[in-house]
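Novice: Compute the structure for the input listed below.
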Amino acid sequence: MRHLRSPLVVAATAALVLAGCSSGGSPGSTGTPALVSSTPSPTATSVTPADRAAVAKALAALEQQYDATVGIVATDTTTGETVSHNGDRRFGYASTLKAFAAAQFLRSVHGAARDERVHWTAADVTAAGYSPVTEQHVSDGLTYSQLAEAAVRQSDNTALNLVLKRIGGPKGLGDALTELGDATTQVVNDEPALNTIEPGSTEDTTTPAAFTADLARVFDGHTLNASDTAQLQDWMSSNATGDTLIRAGAPTGWTVADKSGGADGIRNDIARVTTTDGHEITISVLTTRNDPAAKYDDALVAKSAAAVLQAFATED
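Specialist: You can find the predicted model right below:
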């Protein structure tokens, strides 16, 4: 069974380090600060220098194997322990944005307004591209809640565009992310234009560090109320497009609520991973093939996630 490291081991290791050197703060700790308590957590996480070196080696090998660039930030939101690789590098976010559009919908639209029925045309579906749910409901429409669900569970493009309109368009969502403290992500276009990243442009891009922090805040228990947090968790837990991504790379017994994204050489997944010990690890895996003509490979995301999540786990 995989489990998180004992706090007694963590404490002993920390004592030895303090006795042997006078280095500064813990490496890579950019997430939520560890909680201070008189009773240590029974499942405290410790990522050792050896773990970090193993992650760096594994990801470098994967980048070479797939001729790709990988960006990952994973944070244990209980302890603040973070593992990062190209955390501040920009990537196109593709459909991972749909998780944040749904979160902002839940945050800003309430009561009967969520059940307002929306209609669209066949031309809207054609223009948006991949729309497996909304293409079946051109005649009868769906409610805003159903559209938000379709955007997350099925990555429906038309659904995203309609939800975006309800929350103020790309600018409205960008402003919402800014309110969460994200000064990095640039939300400019809707579907399908958001998938095209022009060389040198920062439009419709983010960084793994920004999206991991955003996702942690969305699930922090303060951004959304308890019911809406559970609703988003449910939608992401049954995401139909993520089985071959972070979920495939997670240790046995860990659960994954994710939102995928992909276009051409871009393949991404962002997730809230729950360990068997109850820790929540927020992770963003953003990848792009270096050859503009190359297509993405789900295995790159799964293997990258596996390398990083292993750093938070030990074997019995």
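Novice: so what's Asp214 up against?
Specialist: Neighbouring residues of Asp214 by Cβ atoms under 8 Å, 6 or more residues apart in numbering: 100, 177, 180, 182, 185. In short, each C-beta sits where N, CA and C put it, glycine included.
Novice: longest single helix anywhere in the protein?
Specialist: Counting by DSSP state H, the longest helix found in the chain is helix 49-66.
Novice: Now do the helix or strand just after that helix: which elements does it pack against?
Specialist: Counting by DSSP states H and E, the next helix or strand C-terminal to helix 49-66 is strand 68-76. Helices and strands touching strand 68-76, as assessed by 3 or more Cβ pairs under 8 Å, 6 or more residues apart in numbering; DSSP states H and E, comprise helix 49-66, strand 82-85, helix 208-218, strand 280-289, helix 298-309.
Novice: then strand 68-76 to CSV, C-alphas only?
Specialist: The C-alpha coordinates for strand 68-76 follow below in CSV (Å, rounded to 0.1, in the frame of the first residue of the first chain):
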residue,chain,number,x,y,z
ALA,A,68,8.1,17.8,-25.5
THR,A,69,8.1,20.3,-22.7
VAL,A,70,6.4,19.4,-19.5
GLY,A,71,5.3,21.8,-16.8
ILE,A,72,4.0,20.5,-13.4
VAL,A,73,3.3,21.9,-10.0
ALA,A,74,1.8,19.6,-7.3
THR,A,75,1.0,20.9,-3.9
ASP,A,76,-0.2,19.1,-0.8
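Novice: what pLDDT, on average, does it get?
Specialist: Strand 68-76 carries an average pLDDT of 98.
Novice: Go through the helices and strands packed on strand 68-76 and pick out the most buried.
Specialist: Of all the helices and strands packed on strand 68-76, strand 280-289 has the most neighbours on average by mean count of other Cβ atoms under 10 Å, namely a mean of 27.
Novice: So which other helices or strands are in contact with it?
Specialist: If contacts are counted by 3+ Cβ pairs under 8 Å, 6+ apart, strand 280-289 sits against strand 68-76, strand 91-92, helix 208-218, strand 266-274, helix 298-309.
Novice: Let's see that with 7 Å instead.
Specialist: Packing contacts for strand 280-289, counted by 3 or more Cβ pairs under 7 Å, 6 or more residues apart in numbering; DSSP states H and E, involve strand 68-76, helix 208-218, strand 266-274, helix 298-309.
Novice: Could you check the ones you listed and tell me which one is nearest Pro192?
Specialist: Minimum separation from Pro192 across the helices and strands packed on strand 280-289 (Cβ to Cβ) falls at strand 266-274, 12.6 Å.
Novice: in the stretch 151-300 of the chain, which spans are strands?
Specialist: All strands of the stretch 151-300 of the chain, identified by DSSP state E, counting those that start in this stretch, fall at 205-206, 255-263, 266-274, 280-289.
Novice: Among the ones you listed, which comes closest to Asn189?
Specialist: Comparing the strands of the stretch 151-300 of the chain by Cβ to Cβ, strand 205-206 comes nearest, at 11.2 Å.
Novice: Now for the residue most central in space within the chain: which residues touch it?
Specialist: Central residue of the chain (Cα atoms, centre = their mean): Ile270, 2.1 Å from the mean position. By Cβ atoms under 7 Å, 6 or more residues apart in numbering, the contact set of Ile270 is 96, 99, 211, 215, 258-259, 284.
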